[in-house]
Each structure stands twice: as structure tokens, then as C-alpha cells.
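**Q** sequence first, predicted model second:
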Amino acid sequence: MADAMVLPERTLIVLGEVRTCLVPASGALSRVEVRNLLALKPGRPVRSWERPIPMAISPTMLVGVDCLLATGTGAKAEARGTVATDAVVVGGRVLQSSVRTAVVRAARPQREKWEHYLRRGGVTEVINKIRSDIGIDLVHGFLHRPMGPDTLDLGSISERLLARVRLDRGLDQRSPLLTGSTRLQWTARLGAVEVPHVEFRLEDEEVRTVQITVRDIEDLAVAQQFCADLAMHDWLLTAVVNAVEEADRYDTASPDSARVLAAVLEHLAHLWMPGAHTPPPFLGLWQQLELRPGFTRDWDSRVGQLRNRLSVATLAALREAKVSTTNW
């Protein structure tokens, strides 16, 4: 899993985005192929884990930013610092680009040399005078206000990284499923809670928003790991829904319908394991999500429907083949 961020005590909030899609390849990538794909920074190793689900993470890269931060009230927040970025492959099949930055109050109201910001990767400093309670304002600005030309746009940074990896020459671009991608925009801040709390919303077919509240700054530092795990499982659910809709375009007994349904079971069904790569302090958040909206109940229901439809399609195809043979 990604390295925990080292957060200054002046941290106001952590902002992040995770984009998730299917690896554009005909089959699952091997460990060597994944390592080659994620070797984005010469001289820096690709980190990997084999259990409980194989996962590999590229070296962390930094993007410098000098911009405004979106706020819900329109209050001015001038920021300068860096955004930390990683590319992730799960199970040789799912690709993610993950970006985040911790927003902190600058020690003094001025722009420092870039060496200052590069020493603390993934930290953005607000350099003008701001209210002490601006954290909530930053949540609403980041999640709900359109990004202006001078505003921090984590989505563009995430999309560029995802495109860079997807277009790698080592990928054959022959995906077995038409799945699309999802964007999970998230915020994490300190609050008066005994245990971490999460609010998850589907904004539209592509965008999801997550608000996390924690008590300790140590938990704030690893929120990104939970968000990446959540983004992958939300994408898996979305991929199943899309596959069923695609199968509906064909006759029940058609080979095309069976092909789409079988591809989900072959390439994605085994990856469902909520919490597999979630830090211990955040495992309780999965319990909250299992109650509402009920992630695993939804998954089990949809995969069960998919298996039933594949069985029906297979039987129908066999009957049709038998009739054709008899007529011949």
C-alpha cells in the first residue's frame, strides 16, 4: 500500500482523487509486466504485495502547484506546494491513478523557494491569512464547486497520470470489457469523533465523493489508502452494472451476451475483497458502508444475477444448437 504521508501539525485537511479503470489489455498482467508498467521513475522501486490480492504501486512522484484553493464561500486561499501521485495495479487487472495533497497553514505569509516544498512532498501551504475553521469551507469548495482556471485541479493531474500509464506500449489495448472509468474525490479532516467516520455519495455515473472525519492526525495520514480501496470496489460494482447493460443489447441466447457476462466472472469477480488493503484504523469504515449503502449485499446480488443470466444464456444456446442439429 502507499506510504503514509508525513503531515505537519498545522494540517487543515487532505484533498485527494482516485481514478479507476480496467487495465487496457486482453488478459491479466503478470508480476513482471506490472513492474515494468509502473516503473515510472528511474532508480526508484515498484512496491508490491501478493496477498490477499496482488497489488503494486509505482514510485511516488510530485507535481508542483501554485494556485488558489476552491472554497465553498468564495474566501480566498492562495496555495503553493506539491501534489503526491501514484499509479496502482490490483490483481493485474485494475488500474488506478491516485493523487493527494495535505493543506496546511504556512509558517509565514510568503512564497518560499521550491526547495522548501520539495522537502515535504504532498503538502500544499496556504500563504495568505485564513480563518481557523476553513477546513469545512475547503471540503465544500473541493467537492462541490466547479474548478476555475486558477484553482487547484487534482482531476487533471490524476487524468494525466492515468493516460500516461494506459498508453504504455506494453499494453495491447484489447480490453475484454467495456467498463469506462470512475472518479472518487475525497477529503479527510480532523474532527470531534471517537472513530473514523465516512460519508459516501454517488454524484453521477462517473463521479463519487467521500468525506472522512478522523480524530488523530496519524489516521489522517493514511486516509488515502482506504480511499483507493473504496474506489476500486465501487468501480467493480459499476463495471458489473455496465456489463449487464451491455449484455442486454443482445438476445439472451446469443454468444455475444454470454461473452460479456463470462468476461466479468473471469476477470473481475475474484477481486472483490473490501478492506484487503485498508489500514487497520479504517476497517470500521467498511462496516459503515456495509450497512449503508450495503456494498457487499449489492455485489452479491448483482454477481448472482449475472451468473443466473449466464446459465440461462448457456442453456438457451444449447437448446438452439440441439434444434439446429435435429433439423439438419
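**A** Received, thanks.

**Q** can you give me the strands for the stretch 51-200 of the chain?
**A** For the stretch 51-200 of the chain, the strands defined by DSSP state E, counting those that start in this stretch occupy 55-57, 61-68, 78-90, 94-105, 123-126, 182-190, 197-202.

**Q** any regions of the chain where pLDDT drops low?
**A** By pLDDT under 70, the low-scoring segments of the chain are 1-6, 8-9, 253, 316-328.

**Q** what bridges to residue 67?
**A** Counting by DSSP bridges, residue 67 is bridged to residue 79.

**Q** from residue 203, how far out is it?
**A** In this view, residue 67 and residue 203 are 23 Å apart by CB to CB, to the nearest Å. Where C-beta positions appear, they are placed from N, C-alpha and C, glycine not excepted.

**Q** the strands of the stretch 51-200 of the chain: which one's closest to residue 154?
**A** strand 94-105 (5.1 Å; CB to CB).

**Q** which of residue 67 and residue 203 has more neighbours?
**A** The residue with more neighbours, out of residue 67 and residue 203, is residue 67; 18 against 12, by other CB atoms under 10 Å.

**Q** show me what contacts that one?
**A** Each residue near residue 67 by CB atoms under 8 Å, 6 or more residues apart in numbering is listed here: 78-80, 150-152.

**Q** what's the answer for residue 75, then?
**A** Contacts of residue 75 were listed using CB under 8 Å, 6+ apart, and they are 130-131, 134, 137.

**Q** of those residues, which belong to helices?
**A** Among those, DSSP state H puts 134, 137 in helices.

**Q** any of the contacts of residue 75 buried? List them.
**A** Neighbour-count burial (16 or more other CB atoms under 10 Å) applied to these gives 130, 134, 137.

**Q** leaving out the residues flanking it, which one is nearest to the last one?
**A** Nearest-residue entry for residue 137: residue 71, 4.5 Å, with adjacent residues in sequence omitted and distances by CB to CB, 6 or more residues apart in numbering.

**Q** how much space between that neighbour and residue 293?
**A** 29 Å.

**Q** over to residue 140?
**A** Distance from residue 140 to residue 293, by CB to CB: 22 Å.

**Q** what of residue 118?
**A** For residue 118, the distance to residue 293 equals 40 Å [CB to CB].

**Q** could the contacts of residue 67 go into CSV alongside neighbour count and distance to residue 99?
**A** Converted to CSV, these look like this (neighbours: other CB atoms under 10 Å; distance: CB to CB, whole Å):
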residue, neighbour count, distance to residue 99
78, 18, 20
79, 20, 15
80, 19, 17
150, 10, 18
151, 17, 15
152, 26, 11
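
**Q** which of those sits closest to residue 10?
**A** residue 79 (13.1 Å).

**Q** what sits against the closest one?
**A** Residue 79 neighbours (CB under 8 Å, 6+ apart): 65-69, 103, 124-127, 152.

**Q** next one: residue 209
**A** 143-144, 184-186, 200-201, 203.

**Q** can you confirm it is in a strand?
**A** Yes: assessed with DSSP: H, G, I helix; E, B strand; the rest coil, residue 209 lies in a strand.

**Q** tell me how far it lies from residue 16.
**A** Using CB to CB, we find residue 209 at a distance of 11 Å from residue 16.

**Q** need the overlap of contacts for the two.
**A** With CB under 8 Å, 6+ apart, residue 209 and residue 16 have common neighbours 185-186.

**Q** buried sites along stretch 107-123?
**A** 117, 120-123.

**Q** what sits against residue 48?
**A** By CB under 8 Å, 6+ apart, the neighbours of residue 48 are 31, 34-35, 54-57.

**Q** am I right that it is in a strand?
**A** Yes: assessed by three-state DSSP, residue 48 belongs to a strand.

**Q** all helices of this protein, in order?
**A** Per DSSP H, the chain carries helices over the ranges 31-37, 114-118, 134-144, 154-166, 217-220, 223-247, 255-267, 283-291, 295-327.

**Q** out of these, flag the one nearest residue 12.
**A** That would be helix 134-144 among these, by CB to CB, at 5.0 Å.

**Q** how far away from the center of its chain is that closest one?
**A** 20 Å (CA atoms, centre = their mean, to the nearest Å).
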